[in-house]
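J.: Have a look at this prediction, sequence included:
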Amino acid sequence: MKVKFLFFVLISIATFSQQKGDVSLVWSEKSELSFASYKFNIPQIISENFVFDSAKKSIYYNINLPQSESFDENSLEITNVIYKDIYLSDLGDLNIKNIPNSINASLKSTISRDKIFAFISLSPIIKVGDAYKKVVSFSYYFSNNRNFRNSQENLNTLQVSNSVLASGEWFRF
């Protein structure tokens, strides 16, 4: 009985120290996106997480997740990625030179109004050989690392030092 209880406790601790989720992207056909007097025909994701960089003419998918504690930015794993072919003509005004060979997923920590957020960013269209593919769904995972949190807290502490006047080597002009 004790072994089962200990096993349950260890599993629950491991579960609470990670974040994971599944994301499905719903794509619309190439449509017009306008900024002031500029108009771009690009494929779009029907989501508030869709981002278009008009300077690079590339698109991104960003997820902002509230967190209760700090996490390890290097622990992001993207798995179960499902792709669908997209034709060159469907890319519209996107700059094909800026389309990467992989999804280039990244995880960053942001703090806003004393709340911690996990910010995941990735490229939803990739180039595979001479063809292009769009991401239809994927799963993500990252861990809350207690050692990482402690090291971050140590970096944020101010070190107390004596005043310049305490050395006794100062002169009045």
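T.: Structure's in. What do you need? Residues are numbered from 1 along each chain as shown.
J.: got any ranges where this structure has weak pLDDT?
T.: The model of the chain has pLDDT under 70 over residues 1-18, 145-168, 170-173.
J.: could you point out the longest strand in it?
T.: As assigned by DSSP state E, the longest strand anywhere in the chain is strand 131-143.
J.: Next, the buried residues of it.
T.: 132-135, 138, 140, 142-143 (16 or more other Cβ atoms under 10 Å). Any C-beta I mention is one placed from the backbone N, CA and C, and that applies to glycine too.
J.: Please name every helix or strand in contact with that strand.
T.: strand 18-24, strand 77-86, strand 115-122, strand 125-128 (3 or more Cβ pairs under 8 Å, 6 or more residues apart in numbering; DSSP states H and E).
J.: Mind checking these for the one nearest to residue 101?
T.: strand 125-128 (5.6 Å; Cβ to Cβ).
J.: Mind listing the strands that closest one pairs with, and their directions?
T.: Note on strand 125-128: by DSSP bridges, its sheet partners are strand 131-143 (antiparallel).
J.: The partner strand versus strand 18-24: what angle between them?
T.: 150 degrees (axes from the mean of the first three to the mean of the last three Cα atoms, to 10 degrees).
J.: going forward, begin numbering at 38 instead of 1
T.: Happy to do that; since the first residue is 38 now, the last one works out to strand 168-180.
J.: Now do strand 168-180: distance to the chain's middle.
T.: 12 Å (Cα atoms, centre = their mean, to the nearest Å).
J.: Need the CA coordinates for that strand. PDB is fine.
T.: Provided in PDB are the C-alpha atoms of strand 168-180 (Å, rounded to 0.1, in the frame of the first residue of the first chain):
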ATOM      1  CA  ALA A 168       7.300  21.800 -51.800                       C
ATOM      2  CA  TYR A 169       5.600  23.900 -49.100                       C
ATOM      3  CA  LYS A 170       3.600  22.500 -46.200                       C
ATOM      4  CA  LYS A 171       1.300  24.100 -43.600                       C
ATOM      5  CA  VAL A 172       0.900  23.000 -40.000                       C
ATOM      6  CA  VAL A 173      -2.600  21.600 -39.300                       C
ATOM      7  CA  SER A 174      -2.000  20.500 -35.700                       C
ATOM      8  CA  PHE A 175       0.700  19.900 -33.100                       C
ATOM      9  CA  SER A 176       1.300  19.200 -29.500                       C
ATOM     10  CA  TYR A 177       3.600  21.100 -27.200                       C
ATOM     11  CA  TYR A 178       5.300  20.300 -23.900                       C
ATOM     12  CA  PHE A 179       7.600  22.200 -21.500                       C
ATOM     13  CA  SER A 180       8.600  21.800 -17.900                       C
END
